[in-house]
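>>> just a sequence and a predicted model for now, questions to come.
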Amino acid sequence: MGKTADVEQIIEQVKRTAPGATTLELWIPDQLLLQGKPVRRDVAMSIVGVHLLALNLVPDGAIRGENGFTCRYKRL
């Protein structure tokens, strides 16, 4: 099993980093937890995506890495 991340922690990272940023990179591991329970990546990223869109950030590519993805976002 690879590294895990809490969806809540990813959202907090977005809230801390994104407000003044024109670009953002997030490491999204293969194993994600929501409220301490495993969650599928598509569900987790939909939840994170709502917060990114609220800050006018949209997807700008992703690179597969070991045990996850680096996802890039840019300001509209």
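Now that the structure is in, tell me what you want to look at. Quick caveat: nothing in here was measured; it's all calculated off a predicted structure. Residues are numbered from 1 along each chain as shown.
>>> helices and strands around the longest helix seen in the chain, which ones?
Ranked by residue count, the top helix of the chain under DSSP state H comes out as helix 41-54. Counting contacts by 3 or more CB pairs under 8 Å, 6 or more residues apart in numbering; DSSP states H and E, helix 41-54 packs against helix 7-17, strand 23-29, strand 31-34. In short, each C-beta sits where N, CA and C put it, glycine included.
>>> output the ones you listed in CSV; the columns should cover distance to Lys74, mean neighbour count and mean pLDDT.
As requested, these are exported to CSV (distance: least, CB to CB, whole Å; neighbours: other CB atoms under 10 Å; pLDDT from 0 to 100):
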stretch, distance to Lys74, mean neighbour count, mean pLDDT
helix 7-17, 14, 15, 95
strand 23-29, 5, 16, 96
strand 31-34, 23, 16, 97
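>>> where's the longest helix of the chain relative to the chain centroid, distance-wise?
7 Å (CA atoms, centre = their mean, to the nearest Å).
>>> to Pro59, which of the helices and strands packed on helix 41-54 lies closest?
Evaluated with CB to CB, the helices and strands packed on helix 41-54 place strand 23-29 nearest to Pro59, the distance being 10.4 Å.
>>> residues in contact with the closest one?
By CB atoms under 8 Å, 6 or more residues apart in numbering, the residues outside strand 23-29 that reach it are 2-5, 10, 13-14, 17-18, 41, 44-45, 48, 52, 57, 60, 65, 67-75.
>>> again, only using 10 Å
2-5, 7, 10, 13-14, 17-18, 41, 44-45, 48, 52, 55, 57, 60-63, 65-75 (CB atoms under 10 Å, 6 or more residues apart in numbering).
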